[in-house]
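Q: Next comes the sequence, and after it the predicted model I'd like to discuss.
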Amino acid sequence: MIASIGLLCLTSCGDSEGVSTGSTPENPAGPTDCSALRIDELAETGPLSGLGSYFDRQVHVFGVHLVAAASVSDRKLLHAAGVMAQYLDNDEDGSPDDARVVEEMTRANALLVMFGTEEELEASGIFEDASVRDFQIQDLYASETHPGGSSAETGFDASLEEVLHLISSAGWSAAYPEAFGEESGSRLTDAMDTARGGRFTSLPPSYPAAAWYHYDDPSCDYRCMATEYFYWSLTSILGAQDYPGRCEEIADEWELCSAQRVESGDEMVHRLLTDPSIALPNQVPDGNYCTEGASS
């Protein structure tokens, strides 16, 4: 294990799956000197020390932790970290666009955990472990993480979804509850109630015909529905859902797959998520966070 992999390129850089493109004694800066994000061994002391039976590596993004199991390649871990960095620092000037959001995430001990597959996570028993009780956790699997981007051939890059879930729930919702709170009465949930055709605290038998957001996971409560709604709305506005075949693929859950469709079909959420007074991302992350001197 390399204790500190140093400066790494967060794009594909010609590497094959599972092969790190990072620093070596012969190549101290890696193939391209493009980011201050780095992989470290999981610390034996500190807040993550109890997670060593599950994970062997960590990345810090503005003080927010990402951890990965041995089955996750360096490339995919760094891609997820780059996506988080770009969501939080969308103008890539090396500082969070909204420090308050990062403060709330660190206060909540927000933690992105990466396993190879969903089956690996379920077999791990991590959520029954007392060592994770103080963390607000979001999971992401290597099998659904695509550093090359989303496409009809590879599928959607789930890092764009799962990383955003953690940021919106632990960060935006806590920092600005009147706007982004996940309980009834915020601007976000008022828009969601309109999009679902009513205020449903549990999954309705069927959604009204006029609804354009009809998420149907019975395990997803009202707060969860708000988290998903934030994701669908923002990523559609940013253009992440608008590629061949994607609109048809997601229509059973979300009908407004492009910025134009959100603007014309959901004026409430479009107005909220494009409010120039709020420092939300206006560019979709590609995981290539290459700001010189960026905090990590």
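A: Received the coordinates, thanks. Numbers count the residues shown, from 1 in each chain.

Q: Can you name the helix or strand that residue 66 falls in?
A: Element membership of residue 66 [criterion: DSSP states H and E] is strand 64-68.

Q: Doesn't residue 157 lie inside a strand?
A: No - Residue 157 is assigned coil when assessed by DSSP: H, G, I helix; E, B strand; the rest coil, not a strand.

Q: Dihedrals phi and psi, it?
A: Backbone torsions for residue 157, taken as degrees, to the nearest 10, come to phi -80, psi 100.

Q: ok now do it, which residues does it touch?
A: 144, 145, 146, 147, 149, 150 (Cβ atoms under 8 Å, 6 or more residues apart in numbering). C-beta here means a position set from N, CA and C on the backbone, and glycine is covered the same way.

Q: got a markdown table for those residues, with pLDDT and distance to residue 186 too?
A: Output for the contacts of residue 157, formatted as a markdown table (pLDDT from 0 to 100; distance: Cβ to Cβ, whole Å):
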| residue | pLDDT | distance to residue 186 |
| --- | --- | --- |
| 144 | 98 | 29 |
| 145 | 98 | 30 |
| 146 | 98 | 32 |
| 147 | 96 | 34 |
| 149 | 96 | 32 |
| 150 | 97 | 29 |
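
Q: which residues of this protein score low on pLDDT?
A: 1-36, 292-296 (pLDDT under 70).

Q: picking that back up, among the contacts of residue 157, which pair sits farthest apart?
A: For the contacts of residue 157, the farthest-apart pair by Cβ to Cβ is 144 and 149; their separation is 13.2 Å.

Q: how about the helices of the stretch 151-296 of the chain, start to end?
A: Per DSSP state H, counting those that start in this stretch, the stretch 151-296 of the chain carries helices over the ranges 159-167, 173-175, 177-180, 187-196, 222-238, 246-250, 259-265, 267-273.

Q: so of these, which one's packed in deepest?
A: helix 159-167 (a mean of 24; mean count of other Cβ atoms under 10 Å).

Q: And the contacts of it?
A: 79-80, 83-84, 87-88, 101, 105, 110-112, 136, 138-140, 145-146, 150, 227-228, 230-231, 234-235, 240, 284-285, 287.

Q: among the residues you listed, which are in strands?
A: 110, 111, 112, 136, 138, 139, 140 (DSSP state E).

Q: Turn those into CSV, including neighbour count and distance to residue 60.
A: Converted to CSV, the ones in strands among the contacts of helix 159-167 look like this (neighbours: other Cβ atoms under 10 Å; distance: Cβ to Cβ, whole Å):
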residue, neighbour count, distance to residue 60
110, 24, 12
111, 23, 11
112, 27, 11
136, 17, 16
138, 20, 16
139, 16, 18
140, 26, 16
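
Q: Need those in TSV (columns: distance to residue 204).
A: Shown next, in TSV, are the ones in strands among the contacts of helix 159-167 (distance: Cβ to Cβ, whole Å):
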residue	distance to residue 204
110	31
111	33
112	31
136	28
138	26
139	27
140	29
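
Q: can you tell me which two in these are farthest apart?
A: 136 and 140, at 14.1 Å, using Cβ to Cβ across the ones in strands among the contacts of helix 159-167.

Q: end-to-end on stretch 89-101?
A: Across its full length, stretch 89-101 reaches 11 Å between end residues, using Cα to Cα, to the nearest Å.

Q: re the thing from before, which of the ones in strands among the contacts of helix 159-167 lies closest to residue 269?
A: Residue 269 lies nearest to residue 138 out of the ones in strands among the contacts of helix 159-167, by Cβ to Cβ, at 21.5 Å.
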